[in-house]
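[1] Please work out how this folds:
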Amino acid sequence: MSGRITTHVLDLAGGRPVIGMTMELWYLGKEAESMEAREVPQLKGGYQTNTDGRVDTPLLEGDAILPGVYELIFAAGHYFRQMEHLSAIKDSLFDFIPIRFRIKDAAGHYHVPLLVAPGGYSTYRGS
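    I've put the predicted structure just below:
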């Protein structure tokens with residue numbers, strides 16, 4: 001089985017999947033032992049959620065996945081500013097939500113879901 005990175009975004013305030021949220025996936029490099037040893041980040045792709053709050057294809061898969069540190073950055077503020085069901089809350093405290101995670105086994109499935117509301121968010125390792 002080849003590895004893959006996937007995500008799913010749910011709007012806790014609206015009780016629905018997040019449609020149209022954009023995000024970027026960055027590769028930050030192999031795990032460094034010090035701040036000075038960090039590599040230059042590499043943008044792996046830009047994505048947008050579909051009607052189910054997912055991206056149509058894996059964010060990254062197969063040989064494109066390298067062991068190391070990745071960061072998913074979700075554009076939550078832009079999403080919430082457009083939501084009519086949240087007319088009383090036009091501003092999200094969290095404009096961009098970065099989720100940094102480490103991949104040790106490039107053949108594994110790494111599902112990184114985001115549960116989001118204007119005043120907070122949560123994530124976990126999904127399946």
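[2] which SS state does the residue nearest the centre of the chain fall under?
    The centroid of the chain falls nearest to Leu72 when counting by Cα atoms, centre = their mean (3.8 Å). Classification of Leu72 by DSSP: H, G, I helix; E, B strand; the rest coil places it in strand.
[3] what separates the residue nearest to His8 when sequence neighbours are not counted from Ala107, distance-wise?
    Take His8 and drop its neighbours on the chain: the residue closest to it by Cβ to Cβ, 6 or more residues apart in numbering is Pro113, 4.5 Å away. From N, CA and C alone the C-beta is placed, and that goes for glycine too. Pro113 is 21 Å from Ala107, where distance means Cβ to Cβ, to the nearest Å.
[4] So for the two, which residue has more residues nearby?
    Shown here are Pro113 and Ala107; by other Cβ atoms under 10 Å, Pro113 has more neighbours (19 against 11).
[5] Low-confidence ranges, this protein, go.
    Applying pLDDT under 70 to the chain picks out residues 1, 32-37, 84-92.
[6] Pretty sure Gly108 sits against Gly3.
    Yes. With contact defined as Cβ atoms under 8 Å, Gly108 counts as touching Gly3 (5.4 Å).
[7] So between the two, which is more surrounded?
    Using other Cβ under 10 Å as the criterion, Gly108 and Gly3 rank with Gly3 on top: 20 against 14.
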